[in-house]
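Peer 1: Compute the structure for the input listed below.
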Amino acid sequence: MTLHQKLEKLEQVVLRARAHFDIWWIYAGADTRPRLLPTMNDFSEFFRFDEHAHQFTFVVYLHQLLDQRAKTINLRAVIAEAQAANYRVQAIERAATIVTQMEPVWKKLVILRSNLFAHRSDQLAWNDAFSKAHISTNEIRTFTEQGLAAVHALLDATGSHLNHFGDLPQRDVLRLFEGLGGRQLPSRSSGPAARAARTPAAERKR
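Peer 2: Got it, this is the predicted structure:
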């Protein structure tokens, strides 16, 4: 894989991570969750897993940006390759500076990934791991912006087209809720699946 291809892949990693984060925040954010809960509770088993899936995915994607393992595509590795390939010094220095700024939050993401998602620690419960990481949604949002800026510093040096964050995923999710909230729901089956215990989204344990 060429350096340019690696940079394009990292750009897509950041864009997808941000989309998953934005969708998760619609589910979890204080500004949206209260008015969405009635619909989420109507489809509690779907939203229970969908919310977790988006959270899981953005943590794993964002961890990848500064992954220190050999033979992985990460920002540190592409910066080293760009330096060897004689990219503009200003672009390399800018990307390296941004990566340094990202490191404290990345360490918090490592705690989440290592203890909850990738290895599922038997010593830390869900809330305990988040407390240990001490990470905020603003930090995660800023981390995505920094990640994209670092990639773009190097891509821009080659004159490549740059892709940016968009709000289409959030708008589509909100349209989905509007459709579900205004639709007459069919009666649920009386079969075993319908009789299974259902945990409302507002009450489920993390």
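Peer 1: what does stretch 52-68 rub up against?
Peer 2: By CB atoms under 8 Å, 6 or more residues apart in numbering, the residues outside stretch 52-68 that reach it are 10, 13-14, 16-18, 20-21, 23-24, 27-28, 72-76, 99, 102-103, 106, 109-110, 112-113, 117-118, 140, 143-144, 147. Every residue, glycine included, has its C-beta placed from N, CA and C.
Peer 1: tell me, what residue is most central in the chain?
Peer 2: The residue lying closest to the centre of the chain (CA atoms, centre = their mean) is residue 58, at 2.0 Å.
Peer 1: That residue and residue 18, how far apart?
Peer 2: The gap separating residue 58 from residue 18 is 8 Å, by CB to CB, to the nearest Å.
Peer 1: Give the intersection of the neighbour lists for those two.
Peer 2: Residues touching both residue 58 and residue 18 by CB under 8 Å, 6+ apart: none at all.
Peer 1: Contacts only, for the closest residue to residue 158 other than its chain neighbours.
Peer 2: Nearest residue to residue 158 in three dimensions, chain neighbours excluded: residue 4, at 6.3 Å (CB to CB, 6 or more residues apart in numbering). Shown in contact with residue 4 (CB under 8 Å, 6+ apart): 155, 158, 160.
Peer 1: Let me know the closest of these to residue 135.
Peer 2: Distances from residue 135 to these, taken as CB to CB, are shortest for residue 155 (27.5 Å).
Peer 1: surely the closest one meets residue 5?
Peer 2: No. Using CB atoms under 8 Å, residue 155 makes no contact with residue 5, being 11.2 Å away.
Peer 1: So which of those two has more stuff around it?
Peer 2: Neighbours were counted for residue 155 and for residue 5 using other CB atoms under 10 Å; residue 155 has more, 22 against 10.
Peer 1: Please consider this matter closed, and thank you.
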